[in-house]
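A.B. asks: Need coordinates for the below:
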Amino acid sequence: MVAALVTGKGMKRCLLSVVTASLLLGTGMPARAASTARASIPSMIYAHPPQERIDPLAYPQFMQIEAELRNTVRRHGDRSVPNRFCAVGYRLKIGTLETVLLWDNAQSLIRWQGGDPAGVAEEDAESASFSPVTDLRSDVVEDGSFPLGTRAVMRSDVEALIADCRRFGRQYTVPPSP
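C.D. replies: Residues are numbered from 1 along each chain as shown. As a prediction, the model looks like this:
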């Protein structure tokens, strides 16, 4: 209604103010665009599209994510170089929460259900180290004509997941350690 009363330069300023206010308030996008983003989650590696994206840090079982990443690198990675991860969380159709960890250095996809919701000491954070892992170099197939099993995924599904993580996920770097 206000925008209809404002014309020319005033309208541009009014729209800029609305966009700036929404960014400062933390919404980042108008409500309609937010619901569209939520509704447009592709199925990716899942049989059914996730119900919604979640911020893993908003849930107790994912609060130790940085410790989990450090311990995963300690157990399975090259500690002499920075290790890069992308993490994106989802609420699945059955109601469970899952954070997908895409580990660039190891070319791996880790499906992490989270750690102890009561919180664990950093040195005890190891649930991500023992979560199901898909090797993106050997477990990716071009189409669904092969039995997919527990680890194999289709290339198009992985590419959609990587794009979703880059757009909506959090980036982490585990620095080299002695």
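
A.B. asks: From what I see, Asn71 and Ser131 are in contact.
C.D. replies: No - with contact defined as Cβ atoms under 8 Å, Asn71 does not count as touching Ser131 (11.8 Å). Quick note: C-beta positions are derived from backbone N, CA and C, even for glycine.

A.B. asks: Now the top strand by length along the chain: buried residues?
C.D. replies: Using DSSP state E to define each element, the chain has its longest strand at strand 83-91. Across strand 83-91, burial judged by 16 or more other Cβ atoms under 10 Å covers Asn83, Phe85, Cys86, Ala87, Val88, Gly89, Tyr90, Arg91.

A.B. asks: Out of those, which comes closest to Gln64?
C.D. replies: For the buried residues of strand 83-91, the closest approach to Gln64 (Cβ to Cβ) belongs to Ala87, at 12.2 Å.

A.B. asks: Now the closest residue to Tyr90 other than its chain neighbours, what are its backbone angles?
C.D. replies: Among residues not flanking Tyr90 along the chain, Pro50 sits closest, at 3.6 Å (Cβ to Cβ, 6 or more residues apart in numbering). Pro50 adopts backbone torsions of phi -60, psi 150, taken as degrees, to the nearest 10.

A.B. asks: ditto for the one 3 residues further on
C.D. replies: For Arg53, the backbone dihedrals are phi -80, psi 150 (criterion: degrees, to the nearest 10).

A.B. asks: Please determine how far it is located from Glu98.
C.D. replies: 11 Å (Cβ to Cβ, to the nearest Å).

A.B. asks: Low-confidence regions, this structure specifically.
C.D. replies: Across the chain, the ranges flagged by pLDDT under 70 are 1-39, 116-126, 129-130, 144-151.

A.B. asks: And the helices in it?
C.D. replies: Under the criterion DSSP state H, the chain contains helices at 2-5, 8-24, 31-39, 65-76, 155-168.

A.B. asks: my guess is Cys165 contacts Ala87, does it?
C.D. replies: Yes - counting by Cβ under 8 Å, Cys165 does reach Ala87; the two are 7.3 Å apart.
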